[in-house]
Structures are given as C-alpha cells and as structure tokens.
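> would you be able to build a 3D model of this:
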Amino acid sequence: MPTPASGVDNPVSTSRTDGGRDVAPAAVARGVYLGLERTICSVIRGQAAAVRRLLAAFASGGHVLLNDYPGTGKTTLAKSLARAMSARFTRIQFTPDLLPSDILGVAIFDQPTGEFRFHEGPVFTNILLADEINRASPRTQSALLEAMAEGQVSVEGERRVLHELFFVVATQNPIEFRGTYPLPEAQMDRFALQLDLGYLAPEDEAAVLEAQMHDHPLDRVEACATLADVLELRRAVQGVRVSDEMRRYIVALVAATRKTAGVRLGASPRASLSLMKASQALALFDGLDCVTPDQVQEIAVPTLGHRLVLDPQAQYSGQSQRSVVEDILRQVPVPA
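Next up, the predicted model:
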C-alpha cells in the first residue's frame, strides 16, 4: 500500500452531489479563478494571457514549463500563485551536482531506535518551482517523472503518495546551452503547457518600477482562496462538458502533428488529454458549461508546440514548433 504524505489535504466538502460524486457549483469555482487571477495580476504586470494559461494548467491538474529569459518574472509568477492560496511552496535550484535524493528525500538511520527514518524531500509540497531544470543531469530530471505523472514517488523500494494538490512549475533559459542538459521528449511530454512570458511593453515595465519603489508587491499578497477552494475548482473543471464533435476536433489536431512534413515526432495521446483538460478549464473561466473551438484554439500552441520534434532541415528553413501548430489550426476543419 502506498504511504500517504504527511499533511495531505483533507477531502473537501461541497454544496451538492451529482451522481454520487461531489461537484462544486460552476459559479463558485469561477469566482475562485477570478480571485486567483486578480491577485496574481496585481504582482505580475502585463502578463494577463500567461496568467490565464498558467491557471488553466493548474486547474486541470497539469504542470507548466516556463521557457524564457532571466528576469522576466518566472519565479515571481510561481510564488504569487502559492501565496494567493496559502499553499506550501518549495523551490529547487537545479544544478549539475543535484542528486535524485535531493528532490525525493532519503532514509537516514536513527541510532536510538535502530531503524531507518524517511526524511521527505522538497517534492512533498503543493507548488514546486524547479528552477533551471535543464541544468541538472538527466538522471535527476527523471526523478520528477513519476511525481508529475502519478502523484507519487518511489524511494527505498516504497511508494509514497504526494499531496492531492501538487503542481510543478519548471523554468529554463532558452539562450544558455553550456552546462545544460536538454529535457528528453518523455520529460517534455509530462508538461501540460509550455509558456513564454517575453519582455514587457514599455508602459508595463514602467508600472513595475513604480510598484517596486518601496517594497515588492509579492510582500503585500493576501490569500484569496484556500486549498479546499482550489480542489473544488479542479472538480468543477472536470464537470465541463466536451461534445463528441469537440473530442474528434482535438484528436484531429493532435493527429495532424504526426503527419505534417518536417515533423520527426508528433504529439502523443497524452497531448490530446492535456488539450482537452486545459480547454475545459478555459471554458469554465469563460463562464461556459461546455468546450467550444475558441478554447481549444487558444490553448493549442502552448499545449502541443513543445512536444514536437522537427527535422533539422525544417528548422533550417525557418519552420518552428509554433508555426507548425498554427498551420494545423488553419487547416483542420472547425466544428460548426
């Protein structure tokens, strides 16, 4: 039997029951989202679209890879999310000498009792920031695979369950290659979305300077939601309807990545699941009870692009992962 992590959140009480399964009212769940979005955007200026997509991955149970330059707010974004809901936040600075045990934990011999006692690693948290994940060795990177995919880790031959609310935000710098280890395809596929924050517009950057003249906006953040509220939000996302036509549309988009010229490796069935779940979250955010093509098209590039592997010739000709997905969106017929 898996050993539960200490401090696992208690089950959430809900206001109504649907077919024996607790479901949160959509309006209440959307209110949780709006509160989180408002709080995070008060800290992260000029990144409303990125915040919305980050929350879509968070609400749908996925994980996010932030691929951007230093100083663009990647760490602050993860911290503001954690503070907005009083969640446990842990940051791991990935380095070449980081070991898997530094992430998962280790069993240490307790001399008075004559037994080995397990000391939890930083992975036993709610929100985990894996900073510069591509600086660690592939062996250490893979230590996160089981945790991200199954919500559990195997240490000393024993499975240990992570918190019910577990969200990984990993970052990497796209311009540094010396001393880095590119994430393997299996690891990239574990991330529901890849987001690129980019530099701020001049007026937004000026607003950041003004906001930080005396202190950091992060220091003024107050929690607007509880962990129970967030779990309610995730349940409500699962209740958003996806029609047969929309499911076929999602599958058609993903299947097209496997047939496009210049693409050596297309998106996997896991990408179809991530695209559907993120679209459900966006539909809830928009006050809808079912997914429409608008949500699928909005989140398709962040969900599918990073999973594609292009041929060298396609890259030399100027083709990119983003352009491939955008072309597919234009070519695949949209459901009426």
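
> per-residue pLDDT, the closest residue in space to Ser317 that isn't next to it in sequence?
What sits nearest to Ser317 in space, not counting adjacent residues and going by CB to CB, 6 or more residues apart in numbering, is Gly262, at 7.7 Å. Heads up, the C-betas are built off the backbone N, CA and C, glycines and all. The model reports Gly262 with a pLDDT of 91.

> give the other helices and strands that the host helix or strand of Val324 contacts.
Element membership for Val324, per DSSP states H and E: helix 321-331. Taking 3 or more CB pairs under 8 Å, 6 or more residues apart in numbering; DSSP states H and E as contact, the helices and strands that helix 321-331 lies on are helix 244-257, helix 293-304.

> of those helices, give the one that comes closest to Val169.
helix 293-304 (13.7 Å; CB to CB).

> so which other helices or strands are in contact with the following helix or strand past that closest one?
If you walk from helix 293-304 toward the C-terminus, the next helix or strand you reach (DSSP H and E) is strand 309-310. Identification of packing neighbours for strand 309-310 by 3+ CB pairs under 8 Å, 6+ apart yields strand 263-265.

> contacts for the strand it packs on?
Glu185, Thr257, Arg307, Leu308, Val309, Leu310, Asp311, Ala314, Val324 (CB atoms under 8 Å, 6 or more residues apart in numbering).

> what pairs with that strand, parallel or antiparallel?
Each strand that strand 263-265 pairs with, and the sense of that pairing, follows from DSSP bridges: strand 309-310 (antiparallel).

> tell me the mean pLDDT for the strand it pairs with?
Averaged across strand 309-310, the pLDDT comes to 92.

> that one: how far from the chain's middle?
A distance of 22 Å separates the C-alpha centroid of strand 309-310 from that of its chain, computed with CA atoms, centre = their mean, to the nearest Å.

> going forward, count from 3.
Yep, numbering from 3; the last one is strand 311-312 now.

> just the CA trace of the helix or strand harbouring Gln317, in CSV.
Counting by DSSP H and E, the element that carries Gln317 is helix 314-318. Coordinates of each C-alpha in helix 314-318 appear next as CSV, following Å, rounded to 0.1, in the frame of the first residue of the first chain:
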residue,chain,number,x,y,z
PRO,A,314,16.9,19.7,-38.9
GLN,A,315,16.0,20.6,-42.5
ALA,A,316,12.7,22.1,-41.3
GLN,A,317,14.4,24.1,-38.6
TYR,A,318,17.0,25.5,-41.1
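
> packing partners for it?
Other elements packing on helix 314-318 under the criterion 3+ CB pairs under 8 Å, 6+ apart are absent; no helix or strand qualifies.

> in that helix, what's buried?
Neighbour counts using 16 or more other CB atoms under 10 Å place Ala316 of helix 314-318 among the buried residues.

> kindly report the same for stretch 79-91.
Leu79, Ala80, Lys81, Ser82, Leu83, Ala84, Arg85, Ala86, Met87, Ala89, Arg90, Phe91.

> and what of stretch 44-58?
By neighbour count on 16+ other CB under 10 Å, the buried set for stretch 44-58 is Val45, Ile46, Arg47, Gly48, Gln49, Ala52, Val53, Arg54, Arg55, Leu56, Leu57, Ala58.

> check stretch 271-284 too.
Neighbour-count burial for stretch 271-284 flags Ala273, Ser274, Leu275, Ser276, Leu277, Met278, Lys279, Ala280, Ser281, Gln282, Ala283, Leu284 (criterion: 16+ other CB under 10 Å).

> so for Asp99, which of the helices and strands packed on helix 323-333 sits nearest?
Of all the helices and strands packed on helix 323-333, the one in closest proximity to Asp99, counting by CB to CB, is helix 295-306 (31.9 Å).

> please identify the buried residues of the closest one?
Pro295, Gln297, Val298, Gln299, Glu300, Ile301, Ala302, Val303, Pro304, Thr305, Leu306.

> return the list of helices and strands in contact with that helix.
Under the contact criterion of 3+ CB pairs under 8 Å, 6+ apart, the helices and strands touching helix 295-306 comprise helix 50-61, strand 195-197, helix 246-259, helix 271-287, helix 323-333.

> are any of the contacts of strand 265-267 buried, and if so which?
Burial of those was assessed by neighbour count (16+ other CB under 10 Å); the buried members are Thr259, Arg309, Leu310, Leu312, Ala316, Val326.

> quick one, what contacts the last one?
Yep, that's Val326 we're talking about. Thr259, Thr262, Gly264, Val265, Gly307, Leu310, Leu312.

> was I right to think the first one contacts Thr305?
This points to Thr259. No: using CB atoms under 8 Å, Thr259 is not in contact with Thr305, being 10.9 Å away.

> from Met190, how far off is Ala263?
Remark: distance between Ala263 and Met190 (CB to CB, to the nearest Å) = 21 Å.

> good, we can wrap up now.
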